[in-house]
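Student: Have a look; sequence and predicted model below, questions after that.
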Amino acid sequence: MRNTRILAASMAGLALAGILAACAPAASEVAEEEPIAQEQEDETDAEPVDAADGPATLAEWALPYTTDGEKIATLESDGFRVDVYQVGTVAATKTGSFATPDGKPVIAVGDEIVFLNYVVTNTGDEAINLSNLLVEVDARYDDWPYLQGMDSVVDSALYEEMGVNYSAYDWKAEEPYVFEPGATFAYGTNFRYEKGSAISFTARVVPVLPNGDLDHDNQPEAKGSGVTP
């Protein structure tokens with residue numbers, strides 16, 4: 001983690017040559033991940049809770065969620081807020097999608113990974129028409145040595161085991177996803193666990209115009225930081 005070399009992304013059967021002038025990553029083969037099936041979890045009837053304001057209203061297109069774990073960061077901007085919860089850690093069941101310049105996977109089977117849950121709330125006075133990208137959250141350790149984002153494991157069974165939504169919305173819903181004032185939704189991610197490490201977050205709203213095009217001129221951001229317990 002001390003060398004600031006570029007992360008080499010690789011999928012099964014493909015060799016990637018470095019394209020950045022700063023360095024030339026080594027090629028590696030990594031197991032191809034299975035896509036997550038967006039299945040509605042009808043069994044989940046837990047009411048979402050906004051830790052700051054009490055019970056919140058689940059967006060009508062969103063899957064239910066809970067706020068298990070420890071809140072480690074809050075990201076706030078005009079019109080929205082993201083509360084970040086560390087749900088827990090577990091052994092990786094699959095190899096991640098990226099490899100280091102030495103050809104080693106960033107996440108190997110058996111490595112300890114941490115699951116985070118992003119709980120998004122519309123704190124404004126107006127509804128937001130969201131694209132299927134909803135609100136994108138980027139998380140990076142402050143000492144992350146690569147230009148690319150952090151790797152994760154794609155395993156629907158593992159997400160279910162950890163009680164985290166891979167996707168925030170019901171697969172039957174259609175764009176635009178109208179995000180009403182006071183409404184919430186949640187989804188999560190995972191990456192390699194580094195206990196006690198400082199981590200920075202950037203959240204970006206991805207709305208759509210009435211014609212369905214992305215509203216590139218109106219994508220507010222919120223930033224925050226925390227430490228992994």
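Tutor: Ah, there it is.
Student: Only C-alpha atoms from now on, for both contacts and neighbour counts.
Tutor: Will do.
Student: Go ahead and confirm Val87 touches Thr66.
Tutor: No. Val87 is not in contact with Thr66 according to Cα atoms under 8 Å; the separation is 10.0 Å.
Student: Need phi/psi at Asn218.
Tutor: Here is the backbone geometry of Asn218 (degrees, to the nearest 10): phi -140, psi 80.
Student: Leu209 versus that one, what's the distance?
Tutor: 10 Å (Cα to Cα, to the nearest Å).
Student: do Phe179 as well
Tutor: Phe179 sits 14 Å away from Leu209, going by Cα to Cα.
Student: And Gly226, by the same measure?
Tutor: Separation of Gly226 from Leu209 (Cα to Cα) stands at 33 Å.
Student: Next: Ala198.
Tutor: Taking Cα to Cα, one finds Ala198 at 36 Å from Leu209.
Student: need the contact list for the residue nearest the centre of the chain.
Tutor: Centroid-nearest residue in the chain: Thr189, 4.1 Å away (criterion: Cα atoms, centre = their mean). By Cα atoms under 8 Å, 6 or more residues apart in numbering, the contact list for Thr189 reads Phe115, Leu116, Asn117, Ser152, Val164, Tyr166.
Student: Once you drop chain neighbours, what's closest to the fourth one?
Tutor: Think Ser152. Excluding the flanking residues, the one nearest Ser152 by Cα to Cα, 6 or more residues apart in numbering is Phe191, at 4.6 Å.
Student: Tell me the bridge partners for that neighbour.
Tutor: For Phe191, the beta-bridge partners are Val114 (DSSP bridges).
Student: which intervals of the chain have sub-threshold pLDDT?
Tutor: For the chain, the stretches with pLDDT under 70 are 1-55.
Student: mind listing the strands for it?
Tutor: Assigned by DSSP state E, the strands in the chain fall at 8-9, 49-50, 54-55, 57-58, 70-77, 80-91, 98-99, 112-122, 128-141, 177-179, 183-192, 198-207, 221-227.
Student: just the ones you listed: most buried one?
Tutor: Comparing the strands of the chain by mean neighbour count (mean count of other Cα atoms under 10 Å), strand 8-9 ranks first with a mean of 28.
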